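Asker: model the structure of this input:
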Amino acid sequence: METFDYIIIGAGSAGCVLANRLSADPSTRVLIIEAGKGQSDPRVKIPAGILAMYGRPRFDYGYVGTPQPELNNRRIPVNRGKMLGGSSSMNSMLYIRGAAQDYDDWRDLGCEGWGWSDVLPVFKDLERNRIGQDPAYHGTDGPLYVNRPKDPNPVCDAFIAAGETLQLPHNTDFNGPSQLGLGVYDVTQRNGIRFSSYNAFLEPVRQRKNLAIWTDTELRRLLVDQGRVTGVALSRNGEALQVQCRGEVTLSAGAIGTPMALMQSGIGPGQVLQRAGIEVVHDLAGVGQNLRDHVDGMITVRSPSARTLGLSFANRRRLLAAPFAFAAGRKGELSTNYVVAGGFAKTPLAGDLPDVQFHFVPGYRSHRGRLIEWGHGFAVHTCVLRPKSVGEITISREGGDLTPMIDHRFFSQGDDAEVLVEGIKLARRIFAAAPMADLNGQEILPGPDVQSDAEILAYLRAEALTVYHPVGTARMGRDALSVVDPASLKVHGMDNLRIADASIMPTLIGGNTNAPTIMIGEKCARMVGQSPQS
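Answerer: Residues are numbered from 1 along each chain as shown. Model prediction:
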């Protein structure tokens, strides 16, 4: 039986950081496991490849939530990356940190050391900014490349200009002093290629002799003895094995995978575990609670303009040239991450901070959920930045297998529905303003017959989804429902078990969650380095 000093469960956004930092000491043996595969597939590297990854078991866990009573009992897809780099290898590559107040709110909730003044230096240390943005907010020597998209579609400029007519400023840095306004998003790319957490942190060190990277490997359970993890039971390439741990285990399996790992190991709410037939090893009520995510509504518009991305005879030359344009200069149709532009805005219901975020797509988004639709157009996704609705993840046994029951409880707090209705109305105003109006678009969803607040809400109940930012299911804090200690990220009541991923967030930050999750990985690595090995 092999023995390691550190075992990391999950090679995602945070786990890759930990593997890099902990294996820097050649006297330690580090194991990182990943249920998925590597990154050799070109769909991972080419920005436009994201369309071909969602929903495919090769790349995506493809979870589905429980029926949502406030969304017409629909079951919402929950896509999560299943490969080295985790969701950072199949997301839209947007580099967003959230607002400073988000982190100060964490601090004020009892998470000392997580305020904005604490995390900003960590963000800067991690960043290799190639845009020339303000050094007060950005770093240039870190491992994570941050760039502008190589060849943003020109319709993005029309979207930004339309926002300016509505007093939404052109924002060139959403990670600067203010998020407010519209602009082209910064992306985690290097030379026009996806630059995931794996590329930044794990790939450069994978030849270290003291670092083992096991793909196609799933955690079955943590082996626990009197509050200490002594090893892990795994399934590797379909074969069962156990690995011993003489130091620490860190869960970096994400906001769904981490509470699942805990519960299938007997760590979690006692009643939930007993119902699933799992022996209770450590009754910890907060595991799986506090699920938060960004609920999202879409407007999609048909347009005759071939300036937009699309499949058409008018666009055939660009489509045929796409492989050559990408190979020659990382430009053309394959260079797009689709969600090229967007921004942050305040509805009439907002307080000091923006309460909605836009993800603008300069191409037609199918009104039928198809991957590709014939023709041209544009679309915008609008999400509620700081939702009040809170859900949970529990565990159930189906056909002998343990499975997560993901219950977002979207719109269970009516404020979220009201904010999203106002966000849809604001997005419509942007589309109605010049120069967007010059594209002669015809709204397909929600459609011209959907005008009143009640009609928009009915549309959202029928169509709203998530933008895949689940957090909070093993939150840090010091109360009865917290799971980890903010000062160490150790699981309460456990001697050598830490968590480093989006599940520790006590609240949902206002923006995309990949960059904050990488920061969490770095913070955890520093905590391990400051404490004696367990």
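Asker: tell me how far Leu144 lies from Ser92.
Answerer: Counting by CB to CB, to the nearest Å, the gap from Leu144 to Ser92 is 16 Å. Using the backbone N, CA and C atoms, a C-beta is placed for each residue, glycine as well.
Asker: neighbour-wise, which of these two wins?
Answerer: Between Leu144 and Ser92, counting by other CB atoms under 10 Å, Leu144 is the more crowded of the two (27 against 22).
Asker: before we move on, what SS does the closest residue to the more buried one other than its chain neighbours have?
Answerer: Among residues not flanking Leu144 along the chain, Ala200 sits closest, at 4.5 Å (CB to CB, 6 or more residues apart in numbering). For Ala200, the assignment made with DSSP: H, G, I helix; E, B strand; the rest coil gives helix.
Asker: likewise the one 3 residues further on?
Answerer: The three-state label given to Glu203 by three-state DSSP is helix.
Asker: so what's it up against?
Answerer: Residues near Glu203 by CB atoms under 8 Å, 6 or more residues apart in numbering: Gln39.
Asker: can you pull out the helices in this structure?
Answerer: 15-22, 42-45, 100-108, 116-126, 155-164, 197, 254-264, 270-275, 316-329, 414-432, 453-463, 514-530 (DSSP state H).
Asker: check contacts around the residue nearest to Leu144.
Answerer: 16, 143-145, 188, 518.
Asker: go on, Val281?
Answerer: Residues in contact with Val281 (CB under 8 Å, 6+ apart) are 224, 265-267.
Asker: which of those residues ranks first by neighbour count?
Answerer: Result: Ile267 is most packed of these (other CB under 10 Å), 28 neighbours.
Asker: apart from its chain neighbours, what residue comes closest to that one?
Answerer: Leaving aside its sequence neighbours, Ile267 sits nearest to His282 (CB to CB, 6+ apart; 4.6 Å).
Asker: next, count neighbours for that neighbour.
Answerer: Around His282 there are 19 residues (other CB under 10 Å).
Asker: quick check, it in contact with Val483.
Answerer: No: checked against CB atoms under 8 Å, the pair His282 and Val483 is beyond contact range at 10.7 Å.
Asker: longest strand of this protein?
Answerer: Longest strand in the chain, counting residues (DSSP state E): strand 239-251.
Asker: that strand pairs with which strands?
Answerer: Next to strand 239-251 in the sheet, as set by DSSP bridges, lie strand 3-9 (parallel), strand 228-236 (antiparallel), strand 497-499 (parallel).
Asker: quick one: low-confidence residue ranges for the stretch 401-534 of the chain.
Answerer: 531-534 (pLDDT under 70).
Asker: what's the domain layout of the protein?
Answerer: Domain segmentation of the chain under automatic domain parsing yields 3-41+197-292+472-530, 150-184+295-384+411-463.
Asker: Cys156 and Gly176, how far apart?
Answerer: Between Cys156 and Gly176 the computed distance is 19 Å (CB to CB).
Asker: comparing these two, which residue is more hemmed in?
Answerer: Cys156 (21 against 13).
Asker: contacts only, for that one.
Answerer: Per CB under 8 Å, 6+ apart, neighbours of Cys156: 184, 340-341, 360, 362.
Asker: how much space between the residue nearest to it when sequence neighbours are not counted and Leu71?
Answerer: Ranked by CB to CB, 6+ apart and with sequence neighbours excluded, the top spatial neighbour of Cys156 is Ala341, at 3.9 Å. From Ala341 across to Leu71, the span is 27 Å (CB to CB).
Asker: per-residue pLDDT, the residue lying closest to Arg307 once chain neighbours are set aside?
Answerer: In space, and not counting its chain neighbours, Arg307 is closest to Val155: 5.5 Å by CB to CB, 6+ apart. Predicted confidence (pLDDT) at Val155: the value is 97.
Asker: check contacts around Val155.
Answerer: So Val155 contacts 305, 307-308, 362, 378, 439 (CB under 8 Å, 6+ apart).
Asker: and those residues as TSV, adding neighbour count and distance to Gly414?
Answerer: Supplementary listing: the contacts of Val155 in TSV, determined by neighbours: other CB atoms under 10 Å; distance: CB to CB, whole Å:
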residue	neighbour count	distance to Gly414
Ser305	18	38
Arg307	16	40
Thr308	26	36
Pro362	28	33
Phe378	29	30
Leu439	23	35
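Asker: name the nearest of the residues you listed relative to Gly254.
Answerer: Here the nearest of these to Gly254, counting by CB to CB, is Pro362; it sits at 29.8 Å.
Asker: so what's the closest one scoring on pLDDT?
Answerer: The model's pLDDT for Pro362 equals 96.
Asker: quick one, what contacts Gly268?
Answerer: Shown in contact with Gly268 (CB under 8 Å, 6+ apart): 259, 262, 282-284, 287-288, 395.
Asker: please name the residues that touch the nearest residue to it once chain neighbours are set aside.
Answerer: Nearest non-adjacent residue to Gly268, counting by CB to CB, 6+ apart: Val287, 3.7 Å away. Counting by CB under 8 Å, 6+ apart, Val287 touches 259, 262-263, 267-269, 473-474, 483.
Asker: can I get the strands paired with strand 239-251 in TSV including distance to Tyr459 and mean neighbour count?
Answerer: As requested, the strands paired with strand 239-251 are arranged in TSV below (distance: least, CB to CB, whole Å; neighbours: other CB atoms under 10 Å):
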stretch	distance to Tyr459	mean neighbour count
strand 3-9	40	24
strand 228-236	43	18
strand 497-499	38	27
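Asker: count the neighbours of Asn153 for me.
Answerer: Using other CB under 10 Å, the number of residues around Asn153 comes to 24.
Asker: no, scratch that, I was asking about Ile299
Answerer: 23.
Asker: and the one 3 residues further on, by the same measure?
Answerer: Using other CB under 10 Å, Arg302 has 20 neighbouring residues.
Asker: that one contacts Asn440, doesn't it?
Answerer: No: applying CB under 8 Å as the test, Arg302 and Asn440 come out as separate, 9.4 Å apart.
Asker: which ones are touching Arg365?
Answerer: 298, 300, 373, 377, 379.
Asker: what bridges to the fourth one?
Answerer: Each beta-bridge partner of Gly377 is listed here: Arg302, as defined by DSSP bridges.
Asker: how far away is it from Leu311?
Answerer: For Gly377, the distance to Leu311 - CB to CB - is 11 Å.
Asker: who has more neighbours out of these two?
Answerer: Taking neighbours as other CB under 10 Å, Gly377 and Leu311 compare with Gly377 leading, 27 against 15.
Asker: my guess is that one contacts Tyr364, does it?
Answerer: Yes: the pair Gly377 / Tyr364 is scored as a contact, 3.2 Å apart, by CB under 8 Å.
Asker: can you put the contacts of Gly268 in a markdown table and add pLDDT and distance to Ala52?
Answerer: Below are those laid out as a markdown table (pLDDT from 0 to 100; distance: CB to CB, whole Å):
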| residue | pLDDT | distance to Ala52 |
| --- | --- | --- |
| Pro259 | 98 | 29 |
| Leu262 | 98 | 33 |
| His282 | 98 | 41 |
| Asp283 | 98 | 44 |
| Leu284 | 98 | 39 |
| Val287 | 98 | 35 |
| Gly288 | 98 | 32 |
| Ile395 | 97 | 31 |
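Asker: return the members of those residues classed as buried.
Answerer: 259, 262, 282-284, 287-288, 395 (16 or more other CB atoms under 10 Å).
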